[in-house]
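Q: sequence-free structure coming up:
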């Protein structure tokens, strides 16, 4: 493929010694792997590949070097990798058109463990990759896409936990026997006359400036007798062929540029004798090959990443790892965008916020009206003693601050607000403030996707329950007794399907019976339960283990709900029952979970919505919509109003006439 | 009770106007309540009284004032209250002998709620207390103990959560009708001649310097015609009686001191006319009385307490409140003195430490060999981003530091140490270090009462399990699968009852079957499970809710165990079984608790100790005792050695000959 008047050019620099009689060797690329490459590999591994160890197609980039004695650099950038799984499916369409990014195809063998990285048979791999080059030569593919001649590959192990990337590159080169011998090698300027050099420079510059050919750095050069130089693709080799080939001599041009222009002083022209053995003409032959870089390299990105970004990546790590094997359907996008409102930043609120962050929830608003008290830090996991000094920080604010200290990328906000409560009548001079609080609470519930009810009194849960029912928002309650807990998701709102009549108020959007809320089982309206309580009743004395358990279950329940196709309308399921959908990756989706610590037992229950419920029945939701805050004020000032409205009064009277002991029935629920 | 030559003295200052013709009134005490009084009341309430609202006997203290126009101060100190419940049972023996602390009996009515404080009928109370004075006069008790004339009482509400003490004092004074009229009132010096004054001073000083009489400030003074003054107890009133009484005139001395000596200039002598109505002579009469201080007072101690002390009190508050109603048998002394060693300061370790603190455990040692990684804070509740910077803090150290930030009085220590593990052979140059680690671990386990096994590999639990079995120490394991958890307490050590033969090694100290350890169900020795694991296996990917649940259960299990009379020998109990001791205030004491999050289910199990166990059988414990660290090294380097030693090898071979699928049986346990 060479003649006296045409040379094969390669920008892979050849042995650059001027002298003749030496063996012709190609200098390998110098590899340079950008950090962006490893960042994208991390994402690809975590988000798309999981445990898949299939080879990954790569594109390396290089440009003609401007120094005659320095190897060209092959650079790997983020763009060297497919950006997602879709792109992975198809072989990479290598971008052309950037003169400084001439593409080279490569392959990444990324192993799942350090041990399998070490165990790779590097010699076989190198032969396999070299064989591809030989195959491409035999098949003629090199004529269409000469870049495959520079094929490279990498073996790696990405320790994503520590942001450490162990890798080893190879640039496979075929070893031909006997070796080619360099007859001479000198700067192009010394080989060509001035006219030839000028014409060649012009032709080369034109080649490199055309977006179609700029990335093609294997080409044929022919110089006519009138000193006119022509550059051609390899596939046009027949046009350049002459008789000079027969003696096995080839001429080659080592092309170099300086400041973007062909440089006849840096570019070298050489002549060599090759006499390829017959083996190489046999398509089945396994060629000898060299090309491993001298040793593996290791790069740690943790040092160069900013802490916040590292924290974000690291926090996602555990979650993304879940999808590899155990929970492929985990929807991290939903979790990171769901907006959660936590009513109460006490024992439950702190732990629920932590659990949400651990699940990848990133938008958390905490609402509380209190200050951090000295007794809080040992039980409320977002506070330390510092938060108690000088009278104590506002709880909601301190909790949000700590969430950011744990994970700076969380969008945490603290809202200081008292939840208006039935049975806590409002003095005239505070009516305006209370009405404002009602409005703010309604706006907060409306602007969040999920509301957690985590306060420590029964009556403070009433208004949020009602507002969630009216707005048809997910509401999750966690409540503690002394040694028992209740975690439940409220059913959908009674008016959530607007084209149904009120008589269907206990029927959910799918026609099933609507699930109940926290108040559905009660026969009395919530009243003031804090006044006239002794200290142990005020402090909601509970066994310390309860709050973390209930909080964890509340968040697991939400995560299950968010992954259920029916969302808020999902029917309640019971453990080990025929209703349970064992195919769900998160398991069953219960309505209520009740636990009893003295028995170390836990049961799942279903309770349907009650038509007389003081917080979620059609009657009260309709009344709220009709009369707004005026209705709320009346309910707050006169709790019996709710009982009258919902028909509970009548129910109790008829029950009393049978001397049923209703009190005992409700005591349990009251405690929790 | 007065004559021309004798006066009744009272250090309660009388109307001090010199002029005559005015109504005689006694100035009430000025009350001064020391903070120590409220501190002791807090302790008494939390530790002894609980919900008991019975009146509490008090002792107030006063001394004659050194200013004629200022009321005496009645001071309430810590010593004014009984120091514990025992002392409460008996009426307070009022200390005499301190001239500046003349005792006065009082009563404290401390209410449990603000509402009941407000609801007290203060008028009745005052009458009731005044009646006591009248009764004491009628019964003659005043003659034996004149201090009862100055009787006082307090109503209060102690908000121990906020360290706020609302209180209202009363010094009941009988209103006699018609009122007594002052005829004259002037300094003693002007009434007595110099001889009388000198003699009176001397007698008064002697009275006040005698430890028998120093606290008795109601006394009779008689001055003989030779100017010689005599001081007598009230019971000696007959000796002082003369005819001057008949016209209803009484003479009185308002006694004052200056710098510890009777002062005839400050002391006043007066004369008044009294004509008590007949009502007062009737023992059944309910007297009119006055004496309430103008208004209630409120004192908040939080501001003056140092934060650490406040934190200690506050942290104890919730626990002490538990004892009031729900858990009277809660032994806070045991909890605060138990020494807990936590192996692993990761997701489980952090949460277990928090739970222990919440239960009042004050001695916590955390052991871990790692650094805080970026992925830790969102799941490991003792770390924030700051702990991850600059390569990460040592986990054990950072965790202990955070515990102190939460609760400064905790004795938390971090130990950085790698637990030697079977299947992780020790290179020759590290043998010395590993042996040292073994020794340190053994010393740590021996010097603690409880060891929690909270690491994330199976094999790291082997040596601690063995050492706990050998030392017969409580060991509690919490282990997580992807969506399941196991919490268990290990049984007592096999050689814990030294006078029994080895053949009884699966029998506990009470003759029951010994409970198993974490390894008892296994048929293979622990091996290296971290090498050659993919990232998701290394990171122990679990649903975030598991760790808080398992940690909470582990600590609740310990608290139950510490309250069980048989301690480490307590038999395993199962929920709702006939074995369960429902009388235990903490509920049942299970051996193992296994939970499955997809079913929201939790079961209790009992597993007995295995004779072939690689970690707690007589064979391995005996071998450890015989060969010490040499044995440990052999086990670490050659895991099959353990299988051979315990007969597992043989067992597996015979099992394989039946083609049983042992692997499936053990997979579950391995994952957890």
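A: Yep, that arrived. These numbers were taken from a predicted model, which means no experiment stands behind them. Residues are numbered from 1 along each chain as shown, chains lettered A, B, ... in the order given.

Q: Identify the residues contacting the residue nearest to residue A:33 when sequence neighbours are not counted.
A: Of all residues not flanking residue A:33 in the chain, residue A:76 sits nearest, at 4.5 Å (C-beta to C-beta, 6 or more residues apart in numbering or on different chains). Backbone N, C-alpha and C define where each C-beta goes, glycine included. Neighbour list for residue A:76: A:31, A:32, A:33, A:34, A:37, A:58, A:60, A:61, A:106, A:154 [criterion: C-beta atoms under 8 Å, 6 or more residues apart in numbering or on different chains].

Q: I'd assumed residue A:298 was in contact with the third one.
A: Same thing as residue A:33. No. Using C-beta atoms under 8 Å, residue A:33 is not in contact with residue A:298; the gap is 11.2 Å.

Q: so what sits against both of those two?
A: residue A:167.

Q: neighbours around the closest residue to residue A:563 other than its chain neighbours, how many?
A: Distances taken as C-beta to C-beta, 6+ apart place residue A:586 nearest to residue A:563, at 5.7 Å, with adjacent residues excluded. Applying other C-beta atoms under 10 Å in any protein chain shown, we find 21 other residues in the vicinity of residue A:586.

Q: Sketch out the low-pLDDT regions of the stretch 401-550 of chain A for me.
A: Residues of the stretch 401-550 of chain A that meet the criterion pLDDT under 70 lie in A:497-512, A:523-525, A:527-540.

Q: between residue A:33 and residue A:298, who's got more neighbours?
A: Neighbours per residue, other C-beta under 10 Å: of residue A:33 and residue A:298, the larger number sits with residue A:33, 21 against 13.

Q: The residue nearest to residue A:563 falls within a strand, correct?
A: No. Applying DSSP: H, G, I helix; E, B strand; the rest coil, one finds residue A:586 to be coil, outside a strand.

Q: Just the pLDDT for it.
A: Among the per-residue scores, residue A:586 holds a pLDDT of 85.

Q: Touching, it and residue B:598? I think so.
A: Yes. If you go by C-beta under 8 Å, residue A:586 and residue B:598 touch, sitting 6.6 Å apart.

Q: for whichever strand or helix holds residue A:439, packing partners?
A: Using DSSP states H and E, residue A:439 maps to helix A:431-447. Under the contact definition 3 or more C-beta pairs under 8 Å, 6 or more residues apart in numbering or on different chains; DSSP states H and E, helix A:431-447 sits against strand A:339-343, strand A:363-368, helix A:462-471, helix A:629-637.

Q: my read is residue A:589 is in a strand, agree?
A: No. Under the criterion used here (three-state DSSP), residue A:589 is coil, not part of a strand.

Q: The biggest strand by length in chain A pairs with which strands, and in what direction?
A: Secondary structure of chain A per DSSP state E: the longest strand is strand A:164-175. Partner strands for strand A:164-175, per DSSP bridges, with pairing direction: strand A:152-159 (antiparallel), strand A:288-292 (antiparallel), strand A:297-300 (antiparallel).

Q: buried sites along that strand?
A: Across strand A:164-175, burial judged by 16 or more other C-beta atoms under 10 Å in any protein chain shown covers A:164, A:165, A:166, A:167, A:168, A:169, A:170, A:171, A:172, A:173, A:174.

Q: now do stretch A:140-154
A: Within stretch A:140-154, the residues that count as buried by 16+ other C-beta under 10 Å are A:142, A:145, A:146, A:147, A:148, A:149, A:150, A:151, A:152, A:153, A:154.

Q: how close does the fourth one get to chain B?
A: Taking C-beta to the nearest C-beta, to the nearest Å as the measure, residue A:147 falls 33 Å from chain B.

Q: Is the closest residue to that residue other than its chain neighbours in a helix, a strand, or coil?
A: Using C-beta to C-beta, 6+ apart and skipping residues adjacent in sequence, the residue nearest residue A:147 is residue A:104, 5.2 Å away. Following three-state DSSP, we place residue A:104 in the strand state.
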